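1. Need a 3D model of the sequence below.
(chains A, B and C)
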Amino acid sequence: MKFICSNLAMLALVASTIPSLAGWEGVNPRNCTWCHGTSAQGYAPAPQLAGQKPLYMENQLRSFRAHTRDNPFSKLYMWAAAENLSFDQSRYLVLHFAALPSKPAKDGNQQKLVAGRTLFEDGDPNANTAACAVCHGPDAQGIRDIPRLAGLSYYYLRRKLKQWREGYHATAKSPMPEIARQLSRDQIEAVASYLSFVK
Amino acid sequence: MKLINMRLALPAAVLAVLFCAERAECASSSLGAKIEYCKTCHGLSAQGYYGFYPIPRLAGQQTQYTENQLRAYSEGRRKNRYMYNVAHALSPGTQAALAKYFSGLKVRPLSGASRSANSEGQRIFEDGDPASNVPACTACHGVEARGHEEIPRLAGQLPEYIFNKLVNWNQERGQDPHHPDISAVMLPTSHNLTKSQIRAVAAYLSHLE
Amino acid sequence: MRSLLAPISVGAIITCLAIIAQSQTAQALPSFARQTGQPCGTCHTDFPGLTPYGRKFKILGYTVGGGPFKTTPFTLFPQVREYKKDPLDLYADPNAAKLPTSADVSNDGAGQSKIWVPPISVMTILGYTHQQATPAPPCSPYPCNDVLTDAPSSFFYGGAITEHIGAFAQVTYSGLKVPSTTVPIDPYSTFQWSWDNTDVRYANTAHVAGLDVIFGITANNNPSVQDPWNTTPAWTFPYAVSTAPNFGGFGPATLIDSSLAAHVAGVGAYAFINDLLYLELTGYKTINWNTQTKLGVDPFGAGVISGVAPYWRVAFEPHWGNHWFEFGAYGMSAQLQQWDTSQADSNGFQIPVFIPGADRFTDTAFDAQYQYQGSNYWFTLRGTYIYEYQQLNATFNNPVAAGSSNPTNTLNTFRGLASLAYGNDNRFVFTAQYFNTWGSSDTTLFITNPGCACSPNTNGYIFEIAYTPFVSSRAPIWPWANMRIGLQYTYYNEFNGDTVFAHDNNLLFAYIWFAM
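-> Predicted structure coming up:
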């Protein structure tokens, strides 16, 4: 046993000298896609990552590590998932996913599409609800740290809006909890349905 | 929806009597609710916000200017799909009250309060560019860029917002040729400035308090 | 591909590193939790029953990482940072200078200088069994009733070997008490160590014709051990059963119902298309006689497959919102040469001789599953029905003495269960299962059944409550160790064709299942 050990210990030593880029420890996107879907289109309840805004995703990973984002599934899965990512690894991952083509989930309620689009593009001035498009873009494509909403799963969007109404937190500076509190249940279902169909 | 500003309670109460028929309507048409609504996009202290579009600062804006813009949006003289929806649903009295409220807000510029002295932007702002027929901006906007009556405050405004407006002036403003408004005065200036000059001025202004 | 090491060397390296690592960590580790960084409840509902994520982990070959340690001993992927699009374009920010840099972010040392520790785990089950009617002696060396057992214990290698190859390999100590005696003992009945469920896989992903495909190869030793839905026999409830030697079991088992476990080795290919459709085909052969004994397996425990026995599996898993449905079918077909039990050596112990001919067993099965995920619970329904057609060409025509009274027999097994896993990380689990085995009566095959109704029919219910105190990732000893405390009651309506005395076999089994 000792003899075999010393020979193989030599082999291990040799193997460990295989050069790796200094300071860069690789991270495999598959650590994310096993839950978020093989091509990162989402796999309930995990949302689509493909085509999402990279700065938004970086901020989310940071908020998971800081335990700011505290709804049940974030706590259950993402706190652990983000725990061991370095800054460089986070950046690599978000850029990888941001470049992937995205497919809309199309799982919303088809009866509510028109109401959803109206709410998204024009808001409801009489109810003091701002148009989502002002921040999220006319095609819900997002920008910088504001997420793309186009094509996200109806179930995911609905759950997020409902959770913010229930008092769960978003990232530190996000206006969304306050905005969600102003939406009625019907409005949430309408806008979430509409967005799941947007390409 | 909460009423957050009690110093406006009196005019709000007046408005409430004049303009709301039922209790439910009353709540969402109350001034406090409208202020919160504006702040959803324009920033929690009305300092502006980088959404998909750069959304301008309202804090410290000239009352008359704000009122004029709201009226211009609802009458179609200034084109913006989102602000049209917003302004259209506001009564003139509410528009006036909102303008007065925002003019009283003080907040640090979104871009930060540092200023780079003697920049090209400062030069254009203070001296204009006579070779291109660009007057000094201070002549109308004031030395501190805080504006006067119907001339807007520029201090602390989002630089991308200033840039977009100056570059697209004739596409957004003065859309009703039968009812020209004061915005026409900026048209030659916006033409005569080059894009890099606009960028420089906007950057300078964005840091002014 | 990284530098290639032959599998044996890998095994040896792992062992050596384990020896080295043991000086750094006092105990071996629950390796999947450590490899992914996820708490147990991410992948398991009614442990070891799987959530959809647990199924993905298994289908991806046990290679997914994300935890605080390096996933494999090899240099991590990827070597070079390649971006498919210009990062600045992706950030779409005119003020690109505002992008946060690593200087803006406190790193907490995450992701730096990860070490690799081999994914070895250990488990043991302490059990107490009480049977409704005390079985008649002789029971020695065990007491006849109220039996305490401290086995089985198992060692596992569970986790990634390379980026695309992973393994679940179990070695079990059965805790079999061998009576001390001067009389010779049958050498194949005294194995205390044996290899157990083993599944080594290669898995990769591809994008084909607009579809996401996970595809792989499995090498395993028990038909359906590789299956991710806990409806198929190898990994189905009950997961812990009484280890008391008088435990009667659940009636005769079809071939696919773990009858060949550890006797065979199979290699197969599978694909999981668009997270929706699973297809697999695996072929099994019986392991060489000598090799079985070296692996601690009694080679007389099962017939020997002639040629290759195919195993097939189809599963369709539509899902939306928090619902997952699964509908599937599976089966296998095998020609078995049967041992001639009349052939013995001078000590009276069996020697390896076949009866002429071969029996053919054809198993066709259907299964279904429903899972619903609440914010802190999982509700699962599972069912499977196995139909076996036995052509007893060898057994029936055994020239020494016919082994069955019918040339063909059928055997059916049905299991249906409902399970609720509740609480932080699924720490409370309530399970109820109905089991039913029925089939042809055979006066020769089932002659030992009481009163010889000579029918295999056995059915009843199992109820279980289990509690896992340390599952949460905030518990002090996670991920080094955890424990499951369970109380299981089996109620028999009918046992081996008899309904009158069936309740005598009713069983209360209390256990503490340690895993480290």
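
2. Any idea how many residues pack against residue 182?
-> In the absence of a named chain, this looks at chain A. A:Gln182 is flanked by 19 other residues according to other CB atoms under 10 Å in any protein chain shown. The C-beta positions use only the backbone N, C-alpha and C, and glycine is treated the same way.

3. ah, no, chain C please
-> Based on other CB under 10 Å, the number of other residues close to C:Thr182 is 4.

4. now swap in A:Ser174 and tell me
-> By other CB under 10 Å, 18 other residues sit near A:Ser174.

5. Which parts of the chain are helices?
-> Picking chain A for this. Assigned helices in chain A, in chain order: A:2-16, A:30-36, A:54-65, A:72-73, A:79-83, A:87-98, A:113-122, A:133-136, A:154-166, A:176-181, A:185-197 (criterion: DSSP state H).

6. actually it's chain C I care about, not the one you picked
-> C:7-22, C:31-36, C:52-59, C:87-91, C:289-294, C:393-396.

7. cool, chain B as well?
-> With DSSP H as the criterion, chain B has helices at B:9-19, B:23-29, B:31-42, B:63-75, B:81-88, B:92-103, B:120-127, B:138-141, B:159-167, B:169-172, B:187-192, B:195-206.

8. between the ones you listed, which one is nearest to chain A?
-> With respect to chain A, and counting by CB to the nearest CB, the nearest of the helices of chain B is helix B:31-42 at 3.7 Å.

9. Would that closest one count as contacting chain A?
-> Yes: judged by CB under 8 Å from any CB of the partner chain, helix B:31-42 comes into contact with chain A at B:Ala33, B:Lys34, B:Glu36, B:Tyr37, B:Thr40, B:Cys41.

10. Let's have those residues in CSV, adding distance to B:Lys195.
-> What follows is the residues of helix B:31-42 next to chain A, written out as CSV (distance: CB to CB, whole Å):
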residue, distance to B:Lys195
B:Ala33, 40
B:Lys34, 36
B:Glu36, 37
B:Tyr37, 34
B:Thr40, 31
B:Cys41, 26
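
11. circling back: which among the helices of chain A is found nearest to chain B?
-> Shortest separation from chain B across the helices of chain A is recorded for helix A:133-136, at 3.4 Å, computed as CB to the nearest CB.

12. Pull the number of nearby residues for the residue in chain A that chain C sits nearest to.
-> Proximity to chain C, evaluated over chain A using CB to the nearest CB, is greatest for A:Ser86 at 3.0 Å. Neighbouring residues of A:Ser86 were enumerated by other CB under 10 Å; the total is 21.

13. what's the spacing between it and chain B?
-> Shown here: A:Ser86 relative to chain B, a distance of 28 Å by CB to the nearest CB, to the nearest Å.

14. same thing with C:Gln132?
-> 66 Å.

15. same thing with C:Asn412?
-> As for C:Asn412, its distance to chain B is 62 Å (criterion: CB to the nearest CB).

16. check contacts around that residue.
-> Applying CB atoms under 8 Å, 6 or more residues apart in numbering or on different chains, we find C:Asn412 in contact with C:Tyr385, C:Ile386, C:Tyr387, C:Glu388, C:Asn436, C:Thr437, C:Trp438, C:Gly439.

17. What parts of chain B come near chain A?
-> Proximity of chain B to chain A is assessed by CB under 8 Å from any CB, with B:1, B:28-29, B:33-34, B:36-37, B:40-41, B:44, B:49-53, B:55, B:81-82, B:85-86, B:88-89 identified as the residues in range.

18. residues from the stretch 201-350 of chain C in reach of chain A?
-> If contacts are counted using CB under 8 Å from any CB, the residues of the stretch 201-350 of chain C sitting beside chain A are C:Thr205, C:His207, C:Asp212, C:Val213, C:Ile214, C:Asp275, C:His319, C:Trp320, C:Gly321, C:Asn322.

19. picking up where we left off before, just the buried residues out of the residues of chain B next to chain A, in ChimeraX syntax.
-> Written as a ChimeraX command, the selection of buried residues from the residues of chain B next to chain A, which uses 16 or more other CB atoms under 10 Å in any protein chain shown, is:
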select /B:1,28,29,33,34,36,37,40,41,49,50,51,52,53,55,82,85,86,89
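
20. could you dump the residues of helix B:31-42 next to chain A to TSV with pLDDT?
-> Shown next, in TSV, are the residues of helix B:31-42 next to chain A (pLDDT from 0 to 100):
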residue	pLDDT
B:Ala33	89
B:Lys34	91
B:Glu36	88
B:Tyr37	91
B:Thr40	89
B:Cys41	91
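
21. re the thing from before, now do the phi/psi pair for the residue of chain A closest to chain C.
-> Dihedral pair for A:Ser86: phi -80, psi 170, per degrees, to the nearest 10.

22. rewinding a little: show me the two of the contacts of C:Asn412 that sit farthest apart.
-> Farthest pair in these (CB to CB) is C:Glu388 and C:Asn436. Separation: 13.9 Å.

23. check contacts around C:Asn457.
-> If you count contacts by CB under 8 Å, 6+ apart, C:Asn457 has them with C:Gly251, C:Asn436, C:Thr437, C:Trp438, C:Gly439, C:Glu494, C:Asn496, C:Gly497.

24. I meant to write C:Tyr62 there.
-> C:Phe32, C:Gly158, C:Gly159, C:Ala160, C:Gly166, C:Ala167, C:Phe168, C:Arg201.

25. which of those are buried?
-> The neighbour-count criterion (16+ other CB under 10 Å) marks C:Phe32, C:Gly158, C:Gly159, C:Ala160, C:Gly166, C:Ala167, C:Phe168, C:Arg201 among the contacts of C:Tyr62 as buried.

26. so the second one touches C:Asn197, yeah?
-> No: contact between C:Gly158 and C:Asn197 fails when scored by CB atoms under 8 Å: they sit 10.6 Å apart.

27. Mind listing the shared neighbours of the two?
-> Residues within reach of C:Gly158 and of C:Asn197 at once, by CB under 8 Å, 6+ apart, are C:Phe168.

28. Quick check: which ranges of chain A have low pLDDT?
-> A:1-25 (pLDDT under 70).

29. For C:Trp378, which of the helices of chain A is the nearest?
-> Evaluated with CB to CB, the helices of chain A place helix A:72-73 nearest to C:Trp378, the distance being 12.6 Å.

30. Tell me how far C:Ala302 lies from C:Asn221.
-> 12 Å (CB to CB, to the nearest Å).

31. Who are the contact partners of B:Asn68?
-> B:Glu150, B:Asp181, B:Ile182.

32. What is the burial count for the spatially closest residue to C:His207 that is not a sequence neighbour?
-> Taking CB to CB, 6 or more residues apart in numbering or on different chains, and ignoring the residues beside it in sequence, C:His207 has A:Ser39 as its nearest neighbour in space, at 6.3 Å. For A:Ser39, the count of nearby residues is 23 (other CB under 10 Å).

33. Let me know whether A:Ser39 touches A:Leu49 as I believe.
-> No: using CB under 8 Å as the test, A:Ser39 is too far from A:Leu49 to be in contact (9.6 Å).
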